[in-house]
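Q: I would like the atomic coordinates for the input below:
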Amino acid sequence: MFYVYDIDGIRFRGPMEALEKERKVERRDPVPPLREGKGVATSVVGHGNRAVEAYRQSTRQEDMVEPLVHIHQIMTNPVSTISGQTSLVEAWKILSRTGFRQLVILSDKMQLIGMLSDRDVLKRINVIDEEVDVDRGLTAADVMQSEVITTDSMSDIRRVARVMAFYHVDAMPVMGTDGRLVGIVTRGDILRGFAENPKLNLWA
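A: From the prediction side, this is the model:
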């Protein structure tokens, strides 16, 4: 299950298929399928036809075991959060100190209201010799992404990976059934999840 939050609260709730209908994305041209006797396989390997057939046999779906990996198995918890009133300078210091690339922004009532990435901050500040040059009045709320796609802890890793790829999401907050933040999953978590589970199919 996926959700879309904005500053006014939850705006969408539904499965991946409904999310894709709700939020259209511009997809890149698909990679053309590999054909026998053409392309990289033939020019590099030499025995192209046999190589392609061997690859096809190794990837037949009926021969594969598809383990289910839930997001709660790979997510990070607890989550580094800040309030919308945190100054941009302080937010940058937190990002620099922790090595994180995203911070989740919560309201005074601990409700999700946005996300702040290092790229968002760097659009508004200059860092020269470790000194920060910025409008000291700017807060996290002034710069944050106010629309956030989230998921729940029981979502499968492959569906979350697909949503991240389609919508260029670097990190996705994980919400509990009560609407509270319970974790965060990043692209790095997803990659480690696939690397540590060799039976997972990236194209599934």
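Q: before we move on, what SS does Leu95 have?
A: Following DSSP: H, G, I helix; E, B strand; the rest coil, the label given to Leu95 is helix.
Q: pLDDT at the nearest residue to Asp142 once chain neighbours are set aside, what is it?
A: In this structure, Asp142 finds its nearest non-sequential neighbour in Leu88, 7.2 Å apart by Cβ to Cβ, 6 or more residues apart in numbering. Where C-beta positions appear, they are placed from N, C-alpha and C, glycine not excepted. Reported pLDDT at Leu88 in the predicted model: 90.
Q: got the contact list for Leu88?
A: Leu88 makes contacts with 121, 124-125, 134-135, 138-140, 142-143, as judged by Cβ atoms under 8 Å, 6 or more residues apart in numbering.
Q: go with 7 Å
A: With contact taken as Cβ atoms under 7 Å, 6 or more residues apart in numbering, Leu88 is in contact with 121, 124-125, 134, 138-140, 143.
Q: how far away is it from Leu95?
A: To Leu95, Leu88 is 10 Å away according to Cβ to Cβ, to the nearest Å.
Q: pull up the overlap in contacts between those two.
A: Val121.
Q: the residue nearest to Arg101 when sequence neighbours are not counted: how many residues sit nearby?
A: Nearest residue to Arg101, sequence neighbours excluded (Cβ to Cβ, 6+ apart): Asp118, at 5.0 Å. When neighbours are defined as other Cβ atoms under 10 Å, Asp118 has 16 of them.
Q: sort out for me which of the contacts of Leu88 are in helices.
A: Among the contacts of Leu88, the members found in helices (DSSP state H) are 121, 140, 143.
Q: among those, which one sits closest to Val79?
A: Among the ones in helices among the contacts of Leu88, Ala140 lies closest to Val79 (Cβ to Cβ), at 14.8 Å.
Q: was I right to think the closest one contacts Ser117?
A: No - counting by Cβ atoms under 7 Å, Ala140 sits too far from Ser117 to count as a contact (11.0 Å).
Q: the two: which has the busier surroundings?
A: It is Ala140, of Ala140 and Ser117, that has more neighbours when counted by other Cβ under 10 Å, with 25 against 18.
Q: from Thr177, how far out is the more buried one?
A: Counting by Cβ to Cβ - Ala140 and Thr177 are separated by 27 Å.
Q: SS state for Pro173?
A: Following three-state DSSP, the label given to Pro173 is strand.
Q: let's have the chain start at 358 instead
A: Shifting the count to begin at 358 puts that one at Pro530.
Q: and the residue nearest to Arg549 when sequence neighbours are not counted, how many neighbours does it have?
A: Distances taken as Cβ to Cβ, 6+ apart put Ile431 closest to Arg549, at 6.9 Å, once the chain neighbours are dropped. Using other Cβ under 10 Å, Ile431 has 22 other residues around it.
Q: Ile431 touches Gly550, doesn't it?
A: Yes - counting by Cβ under 7 Å, Gly550 is a contact partner of Ile431 at 4.4 Å.
Q: list residues touching both of these two?
A: Listed as contacting both Ile431 and Gly550 by Cβ under 7 Å, 6+ apart are Ile514.
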